[in-house]
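Asks: quick check, what structure comes out for this input:
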Amino acid sequence: MASVAHQRLSWQRVIVLTALLSILLPALAVARKTLTFEKCWELACQNHPALQLSQLDVEVAKSQLESQRSSRNLALTFKGESGYFTGQGIGASALITSLNNGTPQIASRGEYFNGKISAELPLYSQGAFWGMPTLQEKAAAWGVTAAEFDAAQSKTQLRQNLSAAYADLLLKQSSLSFKEEIATAAALSLQQAKGNYRAERISLYDLENATQQHEQAQQDLFRAQQATAQGRSLLALVTGLPDDLTWDLAEPSVVAPLPPDTSFILDTLTNDPRLKAQRARIEAAKRDLDLIRSKRLPELTLTSDYGLGGDYGESFNEQFTATLKMQLPLIDFGHLDHQVREARQQLATEEARYNSMALTIQSEQLELYYTLSDLERQQRQLDGKITLARKGQHQKEVEADQSLATMIDVAQAKAAVAALQLEWEQIYYSRVALSQQLLSTPPTEP
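Replies: Now for the predicted structure:
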């Protein structure tokens, strides 16, 4: 009976365990996702606030341009009043008429109303006739161009940062695997050291040395785990994914080779969005200077008024006027000249900023080119070292099969290969991240 009860209990445990696995395994499969760099980039474009802010700046610049365009539209206004009047007129026309005729005004009283519709159309202002773009509109249009290139630069910078974070996480995961292999080898060495010490084949000092190596390997493994978790958090912060999601990052693609020389840098500077935005600011500063100069020109405005007034009786009065107004500045005691000098200084500042920016970008690109060239050279050297190390590992494995080498020797040979492979991956992922910053190379999926 006890045997039957025990079998029933065992079957119950198997059923419960199977049910739990059937529930947990699909959940784990759903939570685990494979992320490519392009998928991360798509998520970053949707969630990162820097891109959202740059797009808002573009919308603000476009709104300012539309505001400038609508400022010269035909404007209609209405003014009206209604009230009670008693006494004599004190307006200029009433006073002059009364004094010239030598007759006193007759006092009047009663309710009244009047209203006036006015239309105003700027025919010529800001250096342009009506219907043509003004200098302020041109400056605002260049402001939109500058904002769009600033948004492109924000997108480029975010892609570079994302590429660096993605490559860094791949490197940290590779380093974690390497630290796990070292920790495994250290644990195996410690286990063998304990057996040799009990067999009195090694001294206590050798045992303590193996113990310290094992502890150091465990500490290095813990640091690698922390660094990997930090890399995941950084990538999650950029892309907007939950930090606790289990990810499988896609393997990197091949990095594009470098151009044979640095002559491409001068040609590709024209495609840099930072310089394009700065050129747009220079053009906007030129339009601002022209706008200030245009203040010396006359402004023409056409106005038309239609008024209607009465005493709420059967009779009322009408009035219609059409006027062409001209405004011409005569003397401002040097104020306009000061504004022109200020605008010239602002234009010179923007041009100097462009030259400085171009020189800085050119220097950065040259340094980046030579850094990538050196990384390529180091990677080629490591290819040969890894080949030799793998041959040495194979030799140790053969010797271990013939009892000519211990498992410690094999583990150390594997650790040497893993160390060289980790160094190779560090250089490769650095190339992946830096290649995104080189203007000549197309975007590379890390």
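Asks: who's in contact with whichever strand or helix holds K79?
Replies: Assessed by DSSP states H and E, K79 sits inside strand 75-87. The contact list for strand 75-87 (C-beta atoms under 8 Å, 6 or more residues apart in numbering) reads 107-121. For the C-beta atoms, the positions are set from N, CA and C on the backbone; glycine is no exception.
Asks: do the same with stretch 369-376
Replies: With contact meaning C-beta under 8 Å, 6+ apart, stretch 369-376 is reached by L258, T262, I265, I427, S430, R431, L434, S435, L438.
Asks: in this structure the last one contacts Q365, no?
Replies: I take that to be L438. Yes: with contact defined as C-beta atoms under 8 Å, L438 counts as touching Q365 (6.8 Å).
Asks: now do the helix or strand containing R287: distance to the chain's middle.
Replies: Here R287, judged by DSSP H and E, is contained in helix 273-293. Chain-centre distance of helix 273-293: 23 Å, with C-alpha atoms, centre = their mean, to the nearest Å.
Asks: what does it contact?
Replies: With C-beta under 8 Å, 6+ apart, helix 273-293 has contacts from 126-127, 134-136, 138-140, 142-143, 145-147, 149-150, 152-153, 156, 269-270, 336, 339-340, 343-344, 346-347, 350-351, 353-354, 357-358, 361.
Asks: swap in stretch 315-327?
Replies: Residues from elsewhere that reach stretch 315-327 (C-beta under 8 Å, 6+ apart): 116, 123, 298-310.
Asks: ok, back up a step: let's see which of the contacts of helix 273-293 end up in helices.
Replies: 135-136, 138-140, 142-143, 145-147, 149-150, 152-153, 156, 336, 339-340, 343-344, 346-347, 350-351, 353-354, 357-358, 361 (DSSP state H).
Asks: could I have the buried ones of those residues as ChimeraX selection syntax?
Replies: Applying 16 or more other C-beta atoms under 10 Å to the ones in helices among the contacts of helix 273-293, the buried members can be selected in ChimeraX as follows:
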select :135,136,138,139,140,142,143,145,146,147,149,150,152,153,156,339,343,347,350,351,354,357,358,361
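Asks: if we can go back for a sec, in its sheet, what does the strand holding K79 sit against?
Replies: The strands beside strand 75-87 in its sheet (DSSP bridges) come out as strand 108-125 (antiparallel).
Asks: could you point out which element follows the partner strand?
Replies: Following strand 108-125 in sequence, per DSSP H and E, is strand 128-129.
Asks: partner strands of that next one, with direction?
Replies: Counting by DSSP bridges, the strands paired with strand 128-129 are strand 108-125 (antiparallel).
Asks: just the mean pLDDT for the strand it pairs with, thanks.
Replies: In this model, strand 108-125 has a mean pLDDT of 85.
Asks: circling back: top of the contacts of stretch 369-376 by neighbour count?
Replies: Within the contacts of stretch 369-376, most neighbours by other C-beta atoms under 10 Å means S435, with 24 neighbours.
Asks: distance of that residue relative to A256?
Replies: Distance, S435 to A256, by C-beta to C-beta, to the nearest Å: 6 Å.
Asks: which members of the contacts of stretch 315-327 are classed as buried?
Replies: Buried, going by 16+ other C-beta under 10 Å: K116, E299, L300, T301, D305, G307, G309, out of the contacts of stretch 315-327.
Asks: of the residues you listed, which pair is most distant in space?
Replies: The widest separation within the buried ones among the contacts of stretch 315-327, taken as C-beta to C-beta, falls between E299 and G309 and amounts to 31.1 Å.
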